[in-house]
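J.: missing the sequence, but the structure's below:
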């Protein structure tokens, strides 16, 4: 995960009007004892300071407000020295006791972000991890600093981590319910990696990407909530077991609902009519009935236009639960969507005898016995089948 100041700086750059970074030199931090106190800015980076370059023979200045990573603010001067032999741009006047231009910050990465003509944010990244994370986020090498930053080139993996951290910061509960978690995972994945069209053109890929993103999000929340406690250890075995059980139980309950939520998003994106957790008979509740629960209970609605789908992340030992979930469909195929990778030939034969058809993301079909792979439906095939039955 990104370090605190690094992620703040990356977020600021991605949201700001323009940004700049450089490694602080001994001259910048006053280590050389020179009279030009302040941070030197290269001429190609003038736009971060002034709208127009300075004119040789004249000094030029501008006062701005800079908010620093520790929350402090300074009224600081941008100045162009153009008189005499000098021809340089610097940032000066940080105020008495300013902590970040001391000799120990020589070699730190200075990041300046312009939010408006007079309002700026700045970060001093002084650890190797923070510096590398910031540079990696924008695909920069250490030799590509002392220049303006192309904010649009932020790496997708970094955008993902920023979005995850932003979601965690926004939480007002210890752990969000599964529906909120799944929705957040889809929103982050869709925003960072785009390709919303895959919901229609490649739902097999989309369901995997959403599931992977939710797992990453869940693990990040776990680390945020419990990482420090686990790192410091436990005072007793009972405390350790209590923590372990809480974490494991939450993981189990999350995984069970996650696939359902993502399938609903696929069906919504394909304009398919369905009822989730429909009540068929007694306490029976298939995960999905197409086109609706009311159609299922209408004697006038053709049985051949009804479809049931169960969703189970793994189904190696639980697939038989779907056989009797809908009495009207007892002699018709029952569909089971799973992320299970591989099932034995014997179980595949049993499924076929019970008219259970597996629906599996396309890349996972290769993990099943070769002689049975042609009996497995992809999610794309299932979606297209339902659309045809519903006349879409």
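T.: All right, it came through fine. Everything numeric here is computed off the predicted structure, so don't read it as measured data.

J.: first vs last residue of stretch 81-90, how far apart are they?
T.: With Cα to Cα, to the nearest Å as the measure, stretch 81-90 spans 8 Å from end to end.

J.: tell me the buried residues in that stretch?
T.: Judged by neighbour count (16 or more other Cβ atoms under 10 Å), stretch 81-90 contains these buried residues: 81-82, 89-90. From N, CA and C alone the C-beta is placed, and that goes for glycine too.

J.: mind putting the residues you listed in a markdown table, pLDDT included?
T.: Formatted as a markdown table, these follow (pLDDT from 0 to 100):
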| residue | pLDDT |
| --- | --- |
| 81 | 91 |
| 82 | 87 |
| 89 | 93 |
| 90 | 92 |
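
J.: which other helices and strands does whichever strand or helix holds residue 184 contact?
T.: Following DSSP states H and E, one finds residue 184 within helix 178-193. Judged by 3 or more Cβ pairs under 8 Å, 6 or more residues apart in numbering; DSSP states H and E, helix 178-193 is in contact with helix 156-170, helix 203-232, helix 237-269.

J.: can you point out the buried residues in it?
T.: 178, 181-186, 188-190, 192.

J.: got it, and stretch 352-362?
T.: 356-362.

J.: any idea how far it is from the chain center?
T.: 32 Å (Cα atoms, centre = their mean, to the nearest Å).

J.: related to what we said a few turns ago, now tell me which of the helices and strands packed on helix 178-193 the model trusts least on average.
T.: Least confident of the helices and strands packed on helix 178-193, judged by mean pLDDT, is helix 237-269 with a mean of 76.

J.: and the next element down the chain from that one?
T.: Next element after helix 237-269 (DSSP H and E): strand 275-276.

J.: which strands or helices does that following strand pack on?
T.: Where contact means 3+ Cβ pairs under 8 Å, 6+ apart, strand 275-276 is packed against strand 288-290, helix 293-296.

J.: please identify the deepest-packed of the ones you listed.
T.: Comparing the helices and strands packed on strand 275-276 by mean neighbour count (mean count of other Cβ atoms under 10 Å), strand 288-290 ranks first with a mean of 25.

J.: would you mind measuring from residue 222 to residue 55?
T.: 58 Å (Cβ to Cβ, to the nearest Å).

J.: so these two - more neighbours on which side?
T.: Shown here are residue 222 and residue 55; by other Cβ atoms under 10 Å, residue 222 has more neighbours (15 against 10).
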